[in-house]
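Participant: Here is my input; please provide its structure:
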Amino acid sequence: MKLKVRKNSFDKAIKSVAKAVPSKGVQPILNNILLENCNGHLTLNATDLDFSIEAIIPSENEENGRITISAKKLEEIVSKLDEDDIYLEVEIGTNKTNLTCKKSNFELVGISADDFPKIDKPDTKNFIKLNKHHFSKMINMTHFSSSKYDLNNILGGILFSYKEKDGNKFFEMATTDGNRLSSYEYQLEEQQGKLEKLEVVVPARIILDVQKIVESSVDDDISISFLNNQVIFFTQDRFIVSRLIEGSYPRYKQLIPQNQDKLAQINTKQFLSCLERVATMANEITNLVKLTFKENKLYIESSNQDYGQAADDMAIHYEGDPLSIFFNVKYIIEPIKHIDSEEIVISMSGAVNPALIKPNSSENYIHLVMPIKHDS
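Facilitator: Predicted coordinates:
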């Protein structure tokens, strides 16, 4: 194998596929990246057997071939090279790979590509497609509500659902850890083939990796396909396959209250600033803050017996009887950070009932958060 690639594209491709390399591979070869050079393209592959990533970059092809090289060393070396052409040449029969860039030269000991697990690409003729920046936005606005304690549990995943309604097609992401819920529904503009209504759960940690990988793609869109117990994400130059989390996701829509008589319309940036200031004095374990709504005014308070207390207030538009309610401040700050609407609407019905946070715009996003019972 003999070829030339650009350092920048090679570096991005390595970083993309390296996310599928296990921290402790059950087989030594799983610690390696498979490099395959053929017809002007270098294809990189990595897998932990449950999660597989492929990246394709242009190459100046002099000789076809295949080799696997340590992912850790390859990523470390290439990231430190100058921005220039990189030359790769594999010695026939020895699996030794010479890597050269300008005056830098490395001799790497590889493992035969014949020992690398065969990765079959699933059929992707039926898929949904959306702009990768909107895909990333949906992840940003939902992933934080997934459970962080058991990543393989159903609540440690992100629910993907697809449905058709009144002739329109909708894709939704939803997460919950039992204390809060985030849901973002997006109307699709493009679909290929025939998809039935579906609900699957994808590991949240995988989705965060996919988000970063797709950002490095040359494509503006991402396509998503589903097959048996797998989800497939693909662009022109990236192909990612992951196993799904098995089990039934909670019927979360039943938890969303419909009739709430207390409505607060609040400036998003000002509210976020107040929360972040008052949060500095909240208890480090409970992160408790008190919100008091009355007479078109919002009062925000926190206290910590070791350090003291904090208070702030701001003008809002409020409809309903006065209400004091306690929340984990992180559960309020996280969604607000990602809402780009100028104003948000918080709807409530009482001090112990769930509150809903929505952007005051046409975006179909909701964040439900349970208050904390507290003797004020």
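Participant: Going by C-alpha atoms from here, please, whenever you check contacts or count neighbours.
Facilitator: Noted.
Participant: tell me the secondary structure for the residue lying farthest from the centre of the chain?
Facilitator: Counting by C-alpha atoms, centre = their mean, the extreme residue of the chain relative to its mean C-alpha position is residue 93, 41.9 Å from that point. Here residue 93 is recorded as coil under DSSP: H, G, I helix; E, B strand; the rest coil.
Participant: any idea how far it is from residue 118?
Facilitator: 21 Å (C-alpha to C-alpha, to the nearest Å).
Participant: just residue 106 next, same as before
Facilitator: 28 Å.
Participant: same thing with residue 40?
Facilitator: Spatial separation of residue 40 from residue 118 under the definition C-alpha to C-alpha is 22 Å.
Participant: now swap in residue 291 and tell me
Facilitator: In this view, residue 291 and residue 118 are 56 Å apart by C-alpha to C-alpha.
Participant: try residue 355
Facilitator: As defined by C-alpha to C-alpha, residue 355 lies at a distance of 49 Å from residue 118.
Participant: on that earlier part again, residue 40 and residue 118: which is more packed in?
Facilitator: Neighbours were counted for residue 40 and for residue 118 using other C-alpha atoms under 10 Å; residue 40 has more, 17 against 10.
Participant: residues in contact with the more buried one?
Facilitator: Going by C-alpha atoms under 8 Å, 6 or more residues apart in numbering, residue 40 touches 58-61.
Participant: pull the CA atoms of stretch 48-67 into CSV?
Facilitator: Extracted C-alpha coordinates of stretch 48-67, given in CSV (Å, rounded to 0.1, in the frame of the first residue of the first chain):
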residue,chain,number,x,y,z
ASP,A,48,-15.9,-2.2,19.4
LEU,A,49,-18.3,-4.8,17.8
ASP,A,50,-21.3,-2.8,19.0
PHE,A,51,-20.4,0.6,17.6
SER,A,52,-18.7,1.0,14.2
ILE,A,53,-17.5,4.1,12.4
GLU,A,54,-16.2,4.5,8.8
ALA,A,55,-14.6,7.6,7.4
ILE,A,56,-13.6,8.2,3.7
ILE,A,57,-11.0,10.8,2.5
PRO,A,58,-9.4,11.4,-0.8
SER,A,59,-5.9,10.0,-1.4
GLU,A,60,-3.4,10.1,-4.2
ASN,A,61,-3.3,6.4,-4.9
GLU,A,62,-0.1,4.8,-5.9
GLU,A,63,-0.7,1.3,-4.7
ASN,A,64,-3.9,-0.3,-3.2
GLY,A,65,-3.7,-2.2,0.1
ARG,A,66,-4.9,-2.7,3.7
ILE,A,67,-3.3,-2.5,7.1
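Participant: Buried ones in it, by neighbour count?
Facilitator: Of the residues in stretch 48-67, those with enough neighbours to count as buried (16 or more other C-alpha atoms under 10 Å) are 48-49, 51-61, 65-67.
Participant: Identify the farthest-apart pair in the residues you listed.
Facilitator: Distance extremes for those: the farthest pair is 49 and 60 at 30.5 Å, using C-alpha to C-alpha.
Participant: Residue 281 - that's part of a helix, no?
Facilitator: No. Assigned with three-state DSSP, residue 281 falls outside any helix and is coil.
Participant: For the nearest residue to residue 55 once chain neighbours are set aside, what are phi and psi?
Facilitator: If you skip the residues right next to it in sequence, residue 55 has residue 238 as its closest partner in space, 4.7 Å away by C-alpha to C-alpha, 6 or more residues apart in numbering. Phi and psi for residue 238, reported as degrees, to the nearest 10, are phi -140, psi 140.
Participant: my guess is residue 238 contacts residue 53, does it?
Facilitator: Yes. With contact defined as C-alpha atoms under 8 Å, residue 238 reaches residue 53; the gap is 7.3 Å.
Participant: what about the closest residue to residue 51 other than its chain neighbours, how many residues close to it?
Facilitator: Setting aside the residues directly before and after it, residue 51 is nearest to residue 242 in space (C-alpha to C-alpha, 6+ apart), at 4.5 Å. Here the neighbour count serves as a burial measure; for residue 242 (other C-alpha under 10 Å) it reads 24.
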